[in-house]
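Enquirer: let's see this in three dimensions:
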Amino acid sequence: MLQRTDARSDREEFVRLTEPLRRELLAHCYRMLGSVRDAEGIVQETYLRASRSHGSFGDRSSLHAWLYRTAADACITALQRRGQRPVGRDLQAASAVESKAQPDPSSSSPGPVSWRLERNLRQVTFARRRELSVYADTTSAPPSAAHAHPAWTLLVPVGGGSVTVAAGDGVGAHHHGVLLAPQLPYRSQTDGPHVALYLNVWTAPRPRDMRRRVLSGRSTSRLVDALQLDDGVDTSAAVDEAGRSVGRLRVGDARLAAVLESLPGAGRLDTLAADVGLSPSRLRALALDAVGVPLTQLRLWARLGRAIALLPYGPTVTAAVSAGFADQPHLTRVARRFLGRTPGELSLHALQVAHHSGRPAQN
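Expert: Numbering: from 1, shown residues only. Below is the predicted model:
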């Protein structure tokens, strides 16, 4: 009898916390899908999943964030099956997403891992997996603001183009790939098609030299061939080829490896530390010693990759909140800090999801 009472109390508490959000979440899904019936189905399934896991949510904010993220991922999956962008995103009947919730660390949904957008002569491709992210554009990129990645970066011109990099060791225009160490401040621009490959720091040794390194023509060609951009990005081959230039590293501490695997869904770092039996200060020191980048930056970098993966499928605010940012301005600040460009400056919303039979990226 007591167990039945407790179960009823849990259900009542779940309804109290989530029912006020249902209408807003329905508008959120309708905004992405343009179909009331489809939106209602996804909201119902999201609530069923949340009710089964209600006890695992630490507070109201984590539950709300999980609902938004899970619903957004379900909408994106539905759109990818249709092979289209959200058709209802500009309809006046849909309300804007308003959420300041923090991400729920229990969520491990990876979201989309690749897309290709195109319009007229421009084509933009994005793919990501645990080790790296790849961004390719068939048009030139204007000068960026000064920025630094918490990742190894390979800037690669394609088809006779060039990459210009201004860093601490001077300014240079290069017709072959350029390797930049993590945390190196620089500005860049490209003339013609190009690829940016970002290799996560925990997969490669720490840099011994912060100066840029220009790849040979052979290495550049081999990397471009490995990516197979015309057939969908081959991320497995990209990992192998990038490893030739940077080297490979395996995180030796199992506790740190578990924390790194949890990004970008991680919430509070003190909770992560407790989960692996470490104090927060010890976890931060362990990460900094192993990879040379603060753990807070790695978490933001992982969330940025997720947000970019979400950008073609809805408003920027939806991508921001679903990826774990507090709001759209938070995403904008992080993008400017790490990429030297804001999400709006990528100019993706003018493009359409391409229909092609290319290779899907792998997690």
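Enquirer: show me where the protein has its strands.
Expert: 114-119, 122-128, 132-137, 151-157, 162-167, 170-174, 178-180, 186-191, 194-200, 213-214, 352-353 (DSSP state E).
Enquirer: and the ones you listed: which comes nearest Ala290?
Expert: Closest approach to Ala290 among the strands of the chain (CB to CB): strand 194-200, 12.4 Å. Where you see a C-beta, it was placed from the backbone N, CA and C, and this is true even at glycine.
Enquirer: pretty sure Leu288 is touching Gln297, no?
Expert: No. Taking contacts as CB atoms under 8 Å, Leu288 lies outside contact range of Gln297: 9.9 Å.
Enquirer: these two: which is more packed in?
Expert: Taking neighbours as other CB atoms under 10 Å, Leu288 and Gln297 compare with Gln297 leading, 21 against 13.
Enquirer: and that one, how far from Leu263?
Expert: Distance of Gln297 to Leu263, given as CB to CB, to the nearest Å: 11 Å.
Enquirer: Asp231 now?
Expert: 29 Å.
Enquirer: which one of these two has more residues nearby?
Expert: Using other CB under 10 Å as the criterion, Asp231 and Leu263 rank with Leu263 on top: 21 against 11.
Enquirer: residues in contact with the more buried one?
Expert: Contacts for Leu263 (CB atoms under 8 Å, 6 or more residues apart in numbering) come out as Leu298, Arg299, Ala302, Arg303.
Enquirer: neighbours of the last one, how many?
Expert: This points to Arg303. 23.
Enquirer: pLDDT at it, what is it?
Expert: Note on Arg303: pLDDT of 90.
Enquirer: just to check, it is in contact with Ala326?
Expert: No. Judged on CB under 8 Å, Arg303 makes no contact with Ala326 at a distance of 10.7 Å.
Enquirer: quick one: residues contacting the nearest residue to Leu179 once chain neighbours are set aside.
Expert: Distances taken as CB to CB, 6 or more residues apart in numbering put Arg213 closest to Leu179, at 4.3 Å, once the chain neighbours are dropped. Shown in contact with Arg213 (CB under 8 Å, 6+ apart): Val178, Leu179, Ser245.
Enquirer: which ones are touching the closest residue to Ser279 other than its chain neighbours?
Expert: In space, Ser279 comes closest to Ala273 once its chain neighbours are excluded; the distance is 6.1 Å by CB to CB, 6+ apart. Neighbouring residues of Ala273 by CB under 8 Å, 6+ apart: Val259, Ser279, Pro280, Arg282, Leu283.
Enquirer: in CSV, list the residues you listed along with pLDDT, neighbour count and distance to Val15.
Expert: Listed next are the contacts of Ala273 as CSV, based on pLDDT from 0 to 100; neighbours: other CB atoms under 10 Å; distance: CB to CB, whole Å:
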residue, pLDDT, neighbour count, distance to Val15
Val259, 83, 25, 34
Ser279, 91, 11, 38
Pro280, 90, 15, 35
Arg282, 92, 13, 41
Leu283, 90, 23, 37
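Enquirer: identify the farthest-apart pair in the residues you listed.
Expert: Val259 and Ser279 (13.0 Å).
Enquirer: and Glu345, how far from Ser279?
Expert: For Glu345, the distance to Ser279 equals 40 Å [CB to CB].
Enquirer: got it, and Ala335?
Expert: Distance of Ala335 to Ser279, given as CB to CB: 32 Å.
Enquirer: then Asp73?
Expert: 33 Å.
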